[in-house]
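Student: quick check, what structure comes out for this input:
(one chain, ligands or ions: 1)
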Amino acid sequence: MATYISRNPANFADVVTEVPLATSAEIIAAAQAAHDAQPGWAAVPAPARGRVIAEVGRLFEANKEALARLVTREMGKVYAEALGDVQEVIDTCDFFIGEGRRMYGQTVPSEMPDKQLFTFRVPVGTAMIVTAGNFPAAVPSWYIVPALVTGNTVVWKPAEQTSAIAQAMAEIFYAGGVPRDVLKVVLADGPSTYDGLEASLQKGLIQKVGFTGSTEVGRRLSELAARHLQSPCLELGGKNPMVVMPDANIDLVVEGALFAGFGTAGQRCTSLGTLWVHHDVYDVVRERYVHAVENAIVGDPFGDVLYGPMIDEKYLENHDKHLGLIQDHQTVYGSSSVGRITSTNPRRGFLGDPDAGWFAHPTIVDGVRPGDALYSTETFGPLVTMGVFDTLDEAIELSNGHGYGLSCAIYTENPQAVWRYRQGVSAGMMSVNNSTSGAEAHLPFGGNGLSGNGSRQSGIWVLDQFTRWQSMNWDYSGKLQKAQMDLVELPFDPGFRL
Ligand code: UN1
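Tutor: Here you go, the predicted structure:
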């Protein structure tokens, strides 16, 4: 039996958990159990399901610090961000508590007498949710909470790197009153997950696929779902631009770009990709940004640092690959070196023992332009590219040209620039004078183009992912009335003129 050893990425000696990995047959069995449990769960009155979400939210609140400590220990984001990750679960529960008492449908007038029309939201069935390790608490809750409150059952496949967090989360859901077959957690590798999902779709056990992760895997899962005439909920990569206009508040820019570019070691879907700076303020922004990054403290994520380790070795290897894309016309800033931080490749001010974890130097690559590999590659690590523009139209083109469209930001005091940028940018989410990351739990979250298929999570918008509209007409006239044929028309005078 294959097992996965989940280690603290800031301290390899600390084994957080060792878990058996499910085979595809076990994934199918989980899908079968969740599928069998679905009618019973849908029969629980929606307000009662809402109560369960209320209890779950309270338990996340009561366990916030304990879970956040586990998030930092197993995944490596700094503790303040880990608290935020858990807070986003609480916010999501808060938002959906009331949905059990809402889930509104409409009553609609009929075109015929003695007939009434209605619409109902019905659950899609059983969802298979596959999530990444970078937001191990918040992002799964964006799927699981609305799916459950609307009467679906869920098979959740979290990232192996965050196995202990996933198990702890599941226990909180169960303690809040979610039956065990209503939420199944499977820990598995990619190939078994794909095979298990493929077979489960084939058997009609899964009606919705949700996936947060790379564009490449999203495309494969999308193709698979489409073979079963399903439209998955996808939250994929980004190359999120931050546009700095000449009138921007430079203090805010530096602070925002530091958090957006290097928070979570750059491993957010919403992390800053390229900092596009107007040529009038280019030199000053670069100088101040480089200074801030060079002086930032990296290291122990329980300490007061900008960022901790990469999620695991695979993420660090990926980062190293991206460093290989740096071209001769570009200049590197940000640290005394690049790549892994070790005692022989040190970082000034590092907090802790660099050899014990997967830490990486922060890297700014200056001078990026369209056509460069780094212009269009999502780097998902502590690497920010910088480039210059002259006009807002050019900034819009640069923001869109790589095909991703998740998040973006503009820094300016000029409302005209804000509105023109908003209209022109293809991203699903935009910030004004704020970081590319930091979406709130009740706004639509999602992207376009290479960032997703237009599906949205969070807020009221995710309801369309986990419910389908059913319409009903009720004729109480006692005769067959034919739509579009038995017309009710009042007399009128077409020749009337004043
Ligand atoms: C993600 O990176 O997948 O907006 C989610 C943010 C967070 C969520 C990011 N609230 O950065």
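
Student: enumerate the residues of the stretch 51-200 of the chain near the ligand.
Tutor: Proximity of the stretch 51-200 of the chain to the ligand (CB under 6 Å from any ligand atom) is limited to residues 88, 134-135, 138-139. Heads up, the C-betas are built off the backbone N, CA and C, glycines and all.

Student: in helices only, show me those residues.
Tutor: Judged by DSSP state H, those include 88, 138-139 as members of helices.

Student: mark which of those are buried, thanks.
Tutor: 88, 138-139 (16 or more other CB atoms under 10 Å).

Student: can you give me the helices in the stretch 51-200 of the chain?
Tutor: For the stretch 51-200 of the chain, helices defined by DSSP state H, counting those that start in this stretch occupy the ranges 64-75, 79-97, 138-149, 163-175, 190-202.

Student: looking at the ones you listed, which is nearest to residue 397?
Tutor: Across these, residue 397 has its closest neighbour in helix 138-149 (30.6 Å, CB to CB).

Student: residue 471: which element?
Tutor: strand 467-475 (DSSP states H and E).

Student: and that strand, what does it pack against?
Tutor: strand 115-123 (3 or more CB pairs under 8 Å, 6 or more residues apart in numbering; DSSP states H and E).

Student: picking that back up, now the residues of the stretch 51-200 of the chain next to the ligand as a markdown table including pLDDT and distance to residue 402?
Tutor: Listed next are those as a markdown table, based on pLDDT from 0 to 100; distance: CB to CB, whole Å:
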| residue | pLDDT | distance to residue 402 |
| --- | --- | --- |
| 88 | 98 | 27 |
| 134 | 98 | 20 |
| 135 | 98 | 23 |
| 138 | 98 | 26 |
| 139 | 98 | 23 |
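
Student: what is the most widely separated pair among the residues you listed?
Tutor: Spanning the widest gap among those are 88 and 134, at 12.5 Å by CB to CB.

Student: stretch 405-420 near the ligand anywhere?
Tutor: No - applying CB under 6 Å from any ligand atom, one finds stretch 405-420 separated from the ligand by no less than 7.2 Å.

Student: break this structure down into its domains, please.
Tutor: 3-236+452-473, 240-440 (automatic domain parsing).

Student: mind listing what the residue of the stretch 51-200 of the chain found nearest the ligand touches?
Tutor: For the stretch 51-200 of the chain and the ligand, the shortest gap (CB to the nearest ligand atom) falls at residue 135, measuring 4.6 Å. Residues counted as contacts of residue 135 (CB atoms under 8 Å, 6 or more residues apart in numbering) are 85, 88, 212, 268.

Student: cool, and residue 23?
Tutor: Residue 23 touches 188, 192, 196, counting by CB under 8 Å, 6+ apart.

Student: repeat the analysis, applying 10 Å as the threshold.
Tutor: 1-2, 29, 186, 188-189, 192, 195-196 (CB atoms under 10 Å, 6 or more residues apart in numbering).

Student: reformat the residues you listed as TSV; add pLDDT, neighbour count and distance to residue 355.
Tutor: Below are the contacts of residue 23 laid out as TSV (pLDDT from 0 to 100; neighbours: other CB atoms under 10 Å; distance: CB to CB, whole Å):
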residue	pLDDT	neighbour count	distance to residue 355
1	77	6	32
2	93	11	28
29	98	17	42
186	98	24	34
188	98	26	31
189	97	14	28
192	98	20	33
195	98	16	38
196	98	26	38
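
Student: gap between residue 232 and the ligand?
Tutor: Per CB to the nearest ligand atom, to the nearest Å, residue 232 is found 16 Å from the ligand.

Student: same question, residue 212
Tutor: 6 Å.

Student: then residue 309?
Tutor: Distance from residue 309 to the ligand, by CB to the nearest ligand atom: 17 Å.

Student: now do residue 385
Tutor: Residue 385 is 18 Å from the ligand, where distance means CB to the nearest ligand atom.

Student: isn't that residue up against residue 274?
Tutor: Yes - applying CB atoms under 10 Å as the test, residue 385 and residue 274 come out as touching, 4.4 Å apart.

Student: neighbours around the residue nearest to residue 478 when sequence neighbours are not counted, how many?
Tutor: Nearest residue to residue 478, sequence neighbours excluded (CB to CB, 6 or more residues apart in numbering): residue 114, at 7.8 Å. Residues lying near residue 114 (other CB atoms under 10 Å) number 12.

Student: same deal with the one 5 residues further on?
Tutor: Residues within reach of residue 119, counting by other CB under 10 Å, total 13.

Student: wait, what's in contact with it?
Tutor: 104-108, 469-472 are the contacts of residue 119 under CB under 10 Å, 6+ apart.

Student: what residues does the stretch 351-498 of the chain put near the ligand?
Tutor: So far as CB under 6 Å from any ligand atom goes, the stretch 351-498 of the chain lies against the ligand at 437-439.

Student: contact partners for residue 370?
Tutor: 376, 387, 397-398, 401-402.

Student: which of those lies closest to the ligand?
Tutor: Using CB to the nearest ligand atom, residue 402 is the member of these that lies nearest the ligand, at 17.8 Å.

Student: phi and psi next, for the closest one.
Tutor: Main-chain dihedrals, residue 402, degrees, to the nearest 10: phi -90, psi -10.

Student: that one and residue 215 touch, don't they?
Tutor: No - if you go by CB under 10 Å, residue 402 and residue 215 don't touch, sitting 11.2 Å apart.

Student: residues in contact with both of these two, list them for me.
Tutor: Joint contacts of residue 402 and residue 215 (CB under 10 Å, 6+ apart) are 238, 378, 449-450.

Student: from the residues you listed, which two are the most distant?
Tutor: For the shared contacts of residue 402 and residue 215, with distances taken as CB to CB, the pair at the greatest spread is 378 and 449 (12.1 Å).

Student: intersection of neighbour lists for those two?
Tutor: Residues touching both residue 378 and residue 449 by CB under 10 Å, 6+ apart: 215, 236, 238, 402, 404, 406.

Student: just confirm the third one is within a strand.
Tutor: This points to residue 238. No - using DSSP: H, G, I helix; E, B strand; the rest coil, the secondary structure at residue 238 is coil, not a strand.

Student: how close does it sit to the ligand?
Tutor: Residue 238 is 8 Å from the ligand, by CB to the nearest ligand atom.

Student: pLDDT at the residue nearest to that residue when sequence neighbours are not counted, what is it?
Tutor: Residue nearest to residue 238 in three dimensions, not counting chain neighbours: residue 406, with 3.2 Å by CB to CB, 6+ apart. For residue 406, the pLDDT comes out at 98.

Student: ok, residue 310 next?
Tutor: For residue 310, pLDDT reads 98.

Student: helix, strand or coil for it?
Tutor: coil.

Student: low-confidence regions, the stretch 201-350 of the chain specifically.
Tutor: Scanning the stretch 201-350 of the chain for pLDDT under 70 picks out nothing.

Student: which residues of it fall in strands?
Tutor: 208-212, 233-235, 240-244, 272-278, 331-333 (DSSP state E, counting those that start in this stretch).

Student: one more: the stretch 351-498 of the chain?
Tutor: 363-366, 383-389, 404-405, 407-411, 429-432, 448-449, 467-475.

Student: so which of these gets nearest residue 299?
Tutor: strand 363-366 (16.5 Å).

Student: got the contact list for the closest one?
Tutor: Contacts of strand 363-366 (CB under 10 Å, 6+ apart): 257, 261-262, 266, 274-275, 277, 282, 286, 289-290, 293-294, 319, 322-323, 325-327, 329-335, 337-339, 372, 374, 379, 381-388.

Student: now do 8 Å
Tutor: Residues outside strand 363-366 that contact it (CB under 8 Å, 6+ apart): 286, 289-290, 293, 323, 326, 330-335, 338, 374, 382-386.
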